[in-house]
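Asks: Compute the structure for the input listed below.
(one chain, ligands or ions: 2)
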Amino acid sequence: MKALDELTFDNRFARLGDAFSTHVLPEPIDEPRLVVASEAAMALLDLDPAVAETPVFAELFGGHKLWAEAEPRAMIYSGHQFGSYNPQLGDGRGLLLGEVYNQAGEHWDLHLKGAGQTPYSRMGDGRAVLRSSIREFLASEALHALGIPSSRALCVIGSTTPVWREKQERAAMVLRLAPSHVRFGHFEYFYYTKKPEQQKQLAEHVLSLHFPECLEQPEPYLAMFREIVERNAELIAKWQAYGFCHGVMNTDNMSILGITFDFGPFAFLDDFDAQFICNHSDDQGRYSFSNQVPIGQWNLSALAQALTPFISVEALRETLGLYLPLFQAHYLDLMRRRLGFTTAEDDDQKLVERLLQLMQNSGVDYTLFFRRLGDESAALAVARLRDDFVDLKGFDAWADLYKARVEREANGSEELRRERMHAVNPLYILRNYLAQNAIQAAELGDYSEVRRLHEVLTKPFEEQVGMEQYAQRPPDWGKHLEISCSS
Ligand code: AMP
Ligand code: MG
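Replies: Numbering: from 1, shown residues only. Ligands and ions are numbered 1, 2, ... in the order given. The predicted structure follows:
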């Protein structure tokens, strides 16, 4: 276990130089105080969890203090936002403080979001509000606990610094961890500004640090692109299987590591709704829940375009062609598991599609349905769940197929089936209304609800005593919360 001043830095991205990032010091927020910290994320840096409560912790992650070895940098990138190319984005309100390596030899980027203005802030104030910082923190740690790859969050630091959005709010900072903060948009920036040498330098950096196994392939760049395609297909399959809606799948928010990244107006589905749009600013529904699948491919095509100096168009096209079949295979595998199957049958896809259609028509809670389906024998579970559906005939027909399918599994006892299903079907997810309750209390200075919710979400598959209220469908007010970008 380490104290805060014992972190070991090795700032590999900063060493790429000024063509890739700009030195900027964090702008402190007033009266920094700990809102919440993640013990699991602290463990990634070998940090003793007790240090979160010390004043220096809030000072470091509130921008007041800096390690001597840190080299805060605003990264330069561009990207496609809602389908249009924006030539200049970059870290407008976040800084890469440095890279720390832990005892296991892993490198972690320390990225401080809400750290003040940078040359890439455009019209923005460089700040993040408490509400969005809490949402990013909770989502990062909740996704990780669900087994969905994500950037991680070490802590949220609150303050008294006023920030103007639609109303006056308070500034906060969130410390984000990821093995890399390189986005698709980094490659796009050097491609569209026609800087082939720097683009090559970036590609070599990413290849050697993050995809070293690709260096052994005959075409390392192509192998890397293939790996990025595979990871994204798997990631988006997980989002779809668990009802996660990212909200702003712009290419500057897509990590080259295939992890969930830079989420603002995200949501987990309450009622199943394939057309659900979680981002209030997304008028066209470009990033609606079901569109995430083709948008994943669109984003990979944008990355492919930027990689044309290194890889032939034919090879890129062929590799892009892997995305949909890979997505389908992962998705179906996850849904089979969510339904309690250990074997594969040809009609499983149809069984899943029919179920989702029925859920859509009746507005059934996506998370609780699967959890309840594994609570008891298939026959008892479907008999109980039947009440949630409007189209009873349709549901009965599906239930008959499902029961017969479960019979054919013949894979162990009811008890094993229940265990298997509960291990993949969470009871607790980060519902928007739960986050909202925690945020409202935090805005009044009470952080206990954020901390409790975070605790519950770190064990999403485990029934926790006294936490029933976190496993409920939202009340009416909690179903239509409006969340938009840039908060
Ligand atoms: P996002 O929607 O958070 O992914 O941000 C898109 C771009 O806008 C990025 O370049 C951000 O750094 C920048 N940005 C968002 N909010 C702010 C802000 N309050 N101040 C400065 N830049 C911002
Ligand atoms: Mg972003």
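Asks: This protein - how does it break down into domains?
Replies: 4-181, 339-422 (automatic domain parsing).
Asks: Between those domains, which one is closest to ligand 2.
Replies: When the domains of the chain are compared by C-beta to the ion, domain 4-181 sits nearest ligand 2, at 7.3 Å. The C-beta positions use only the backbone N, C-alpha and C, and glycine is treated the same way.
Asks: How far does the closest one stretch from one end to the other?
Replies: 22 Å (C-alpha to C-alpha, to the nearest Å).
Asks: That domain near ligand 1 anywhere?
Replies: Yes - between domain 4-181 and ligand 1, judged by C-beta under 6 Å from any ligand atom, the touching residues are 89-93, 120-121, 124-127.
Asks: which phi and psi does Ile277 have?
Replies: phi -120, psi 110 (degrees, to the nearest 10).
Asks: Point out the residues in this protein that sit beside ligand 2.
Replies: Contact residues (C-beta under 5 Å from the ion) of the chain with ligand 2: 253, 262.
Asks: ok, 8 Å please
Replies: Within the chain, the positions near ligand 2 by C-beta under 8 Å from the ion are 89, 183, 248, 250, 252-253, 262, 264.
Asks: Those into JSON lines, with extra columns for distance to Pro475 and pLDDT?
Replies: Conversion of the residues of the chain next to ligand 2 to JSON lines gives the following (distance: C-beta to C-beta, whole Å; pLDDT from 0 to 100):
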{"residue": "Leu89", "distance to Pro475": "38", "pLDDT": "95"}
{"residue": "Arg183", "distance to Pro475": "37", "pLDDT": "98"}
{"residue": "Val248", "distance to Pro475": "27", "pLDDT": "97"}
{"residue": "Asn250", "distance to Pro475": "32", "pLDDT": "98"}
{"residue": "Asp252", "distance to Pro475": "35", "pLDDT": "98"}
{"residue": "Asn253", "distance to Pro475": "31", "pLDDT": "98"}
{"residue": "Asp262", "distance to Pro475": "30", "pLDDT": "94"}
{"residue": "Gly264", "distance to Pro475": "24", "pLDDT": "85"}
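Asks: so which helix or strand takes in the residue in the stretch 251-400 of the chain positioned nearest to ligand 2?
Replies: Closest contact between the stretch 251-400 of the chain and ligand 2, by C-beta to the ion, is at Asp262 (4.0 Å). Taking DSSP states H and E as the definition, Asp262 sits outside all helices and strands.
Asks: Give me whichever of the domains of the chain is most buried.
Replies: domain 4-181 (a mean of 20; mean count of other C-beta atoms under 10 Å).
Asks: Next up, the contacts around the residue of the stretch 251-400 of the chain closest to ligand 2.
Replies: By C-beta atoms under 8 Å, 6 or more residues apart in numbering, the residues touching Asp262 are 151, 183, 248, 252-253, 255.
Asks: Among those, name the buried ones.
Replies: 151, 183, 248, 252-253, 255 (16 or more other C-beta atoms under 10 Å).
Asks: who in the stretch 251-400 of the chain is up against ligand 1?
Replies: 253, 262, 264.
Asks: Just to check, the first one is in contact with Phe261?
Replies: Yes - taking C-beta atoms under 8 Å as the contact criterion, Asn253 and Phe261 are neighbours in contact, 5.9 Å apart.
Asks: shared neighbours of these two, anything?
Replies: Shared contacts of Asn253 and Phe261, counting by C-beta under 8 Å, 6+ apart, come down to Arg183.
Asks: Now that Met254 has come up, it's in contact with Phe263, right?
Replies: No - counting by C-beta under 8 Å, Phe263 is not a contact partner of Met254; they are 11.3 Å apart.
Asks: Give me the more crowded residue out of those two.
Replies: A direct count of neighbours by other C-beta atoms under 10 Å for Met254 and Phe263 places Met254 higher, at 28 against 23.
Asks: Once you drop chain neighbours, what's closest to the more buried one?
Replies: Spatial nearest neighbour of Met254, chain neighbours left out: Phe184 (4.5 Å); criterion: C-beta to C-beta, 6 or more residues apart in numbering.
Asks: which ones are touching that neighbour?
Replies: Counting by C-beta under 8 Å, 6+ apart, Phe184 has contacts 79, 251-252, 254, 256, 299, 302-303, 306.
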